[in-house]
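1. Sequence plus the predicted model coming up.
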Amino acid sequence: MRIGLRIHTWPESILRKKCKEVKIVDERIEQLFEQMVLLMRANKGIGLAANQVGLDLRLVVIETQTGILKLVNPRIVKTEGRIDFIEGCLSFPGIELKIKRARRVRVSALNEKGVALDYQAEGMLAVVFQHEVDHINGIPFIDRVSFWTRLKIRPLLKKIEKETRYGMCEQK
Ligand code: NI
């Protein structure tokens, strides 16, 4: 199937964009979700934010054990506890970083039908929620590590920057 969207990789500027609220959840949004899910699965991701595929919209898809969550305007409304978790990101291929996150979160969002729902998550799923909501706020995970870690991964970032510039970053 031909799809029009692609994964945007570091340092494409949309990854730093605070995305716009979605005003109306219509068929177009459902179609965008479908394309995001295809891209997420093709690239073996477990979460994807709309700006990672070039869209300035507050949309997130997350793969869970019980199915896919399609979230419109998700907000983290409560956090509890701490957890260190090793995260990857489709916009930073080859980089894994240990990040400090909340262990439990409560998230408010609309689903793909425009219905308001609350989600509670713990552990890995809580981490994915936080990683994806960071994305639509324009905060890539490299912003969540120490200055020293950032220095250490500089060569890897440079490599991704170069591949992004020449359109060589692996795309499915
Ligand atoms: Ni990511």
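-> Perfect, thanks for sending it.
2. In three-state terms, label residue 69 for me.
-> Counting by DSSP: H, G, I helix; E, B strand; the rest coil, the backbone at residue 69 sits in strand.
3. Bridged to it, which residues?
-> Residue 69 has these beta-bridge partners by DSSP bridges: residue 62.
4. my guess is it meets residue 61, correct?
-> Yes: contact criterion C-beta atoms under 8 Å: residue 69 and residue 61 qualify, at 6.9 Å. To be clear about C-beta, it is placed using only N, CA and C from the backbone, and glycine gets the same treatment.
5. more crowded one of these two?
-> Applying other C-beta atoms under 10 Å to residue 69 and residue 61 shows that residue 61 carries more neighbours, namely 27 against 23.
6. If I look at the more buried one, what pLDDT would I see?
-> If you check residue 61, the pLDDT there is 98.
7. ok, and the closest non-adjacent residue to it?
-> Nearest non-adjacent residue to residue 61, counting by C-beta to C-beta, 6 or more residues apart in numbering: residue 36, 4.8 Å away.
8. list the contacts for that neighbour?
-> Applying C-beta atoms under 8 Å, 6 or more residues apart in numbering, we find residue 36 in contact with 5, 48, 50, 53, 59, 61.
9. quick check, nearest of those residues to residue 18?
-> Nearest to residue 18 out of those is residue 50 (C-beta to C-beta; 12.1 Å).
10. in the protein, which segments are predicted with low confidence?
-> Low-confidence segments of the chain (pLDDT under 70): 1-3, 170-172.
11. now the helices: where do they sit in it?
-> Shown for the chain, the helices assigned by DSSP state H span residues 27-42, 124-136, 147-152, 154-165.
12. quick one, which of these is nearest to residue 74?
-> Closest approach to residue 74 among those (C-beta to C-beta): helix 124-136, 5.6 Å.
13. Which elements pack onto the closest one?
-> Helices and strands touching helix 124-136, by 3 or more C-beta pairs under 8 Å, 6 or more residues apart in numbering; DSSP states H and E, are strand 47-49, strand 59-64, strand 67-80, strand 83-87, strand 97-101, strand 104-110, strand 116-122.
14. Describe which strands the fourth one pairs with in its sheet and in which direction.
-> Sheet pairing for strand 83-87, assigned by DSSP bridges, gives strand 97-101 (antiparallel).
15. The partner strand to strand 67-80, inter-axis angle?
-> If you take axes from the mean of the first three to the mean of the last three C-alpha atoms, to 10 degrees, strand 97-101 sits at 60 degrees to strand 67-80.
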